[in-house]
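[1] A predicted structure for the sequence below; I have some questions about it.
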Amino acid sequence: MKPISLLAAALLMSLTVPFALAQTSTGASTTSATAAVAAKPTPDTNPMTQGEVQKIDKNTGRITIKHGPLLNLGMPGMTMVFRVKDPAMLDKVKPTDKIRFSAEKMNGALTVVAIETSLPK
């Protein structure tokens, strides 16, 4: 009976190992490295978020925005201070302006990387 058990085990392994490898190679299994690459913001995964400018500080290059959820950063809506990637962005807005913007974490700081001001007030 022992040789049959070994034969059965070998047959079972020969059927399951290629199946498991086929699943992994087709992307059915996601590794943490793959997930990290997929989580990096791109123009498609970093959508514009609506907000309202609360305060501008040109001396420090910061803007306070009351905003909706920032999906790419996993943050709910709130009011918070951001740095701006380009200080010239602060010349395009004023407090109470309705805006759409994109933010990313850059060098450890939440930073506005794009801003649109064409929304109705």
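    Sure, I can see it.
[2] low pLDDT regions in this protein?
    1-46, 118-121 (pLDDT under 70).
[3] Which parts of it are helices?
    With helices called from DSSP state H, the chain shows them at 2-25, 32-39.
[4] Does Gly61 touch Leu90 like I think?
    Yes - counting by CB atoms under 8 Å, Leu90 is a contact partner of Gly61 at 7.2 Å. In short, each C-beta sits where N, CA and C put it, glycine included.
[5] so what sits against both of those two?
    Val84 (CB atoms under 8 Å, 6 or more residues apart in numbering).
[6] show me what contacts Pro76?
    Pro69.
[7] Could you check how far it is from Ile63?
    Distance, Pro76 to Ile63, by CB to CB, to the nearest Å: 19 Å.
[8] Then Lys94?
    11 Å.
[9] Please apply the same query to Val113.
    From Val113 to Ile63 the distance is 12 Å (CB to CB).
[10] Show me the common contact partners of Lys94 and Ile63, please.
    Val53, Ile56.
[11] who has more neighbours, these two?
    Remark: of Lys94 and Ile63, Ile63 carries more neighbours, 25 against 10, as counted by other CB atoms under 10 Å.
[12] so the more buried one bridges to which residues?
    Legend: beta-bridge partners of Ile63 under DSSP bridges are Ile56, Phe82.
[13] Would you agree it is in contact with Ile56?
    Yes - Ile63 is in contact with Ile56 according to CB under 8 Å; the separation is 5.5 Å.
[14] and for these two, which residues touch both?
    Shared contacts of Ile63 and Ile56, counting by CB under 8 Å, 6+ apart, come down to Leu90, Val93.
[15] burial measure for Ile115, as a count.
    Ile115 has 24 nearby residues by other CB under 10 Å.
[16] can you tell me how far it sits from Pro76?
    From Ile115 to Pro76 the distance is 20 Å (CB to CB).
[17] now Asn107
    Counting by CB to CB, the gap from Asn107 to Pro76 is 23 Å.
[18] What are the buried residues along stretch 76-92?
    Met80, Phe82, Arg83, Val84, Lys85, Met89, Leu90 (16 or more other CB atoms under 10 Å).
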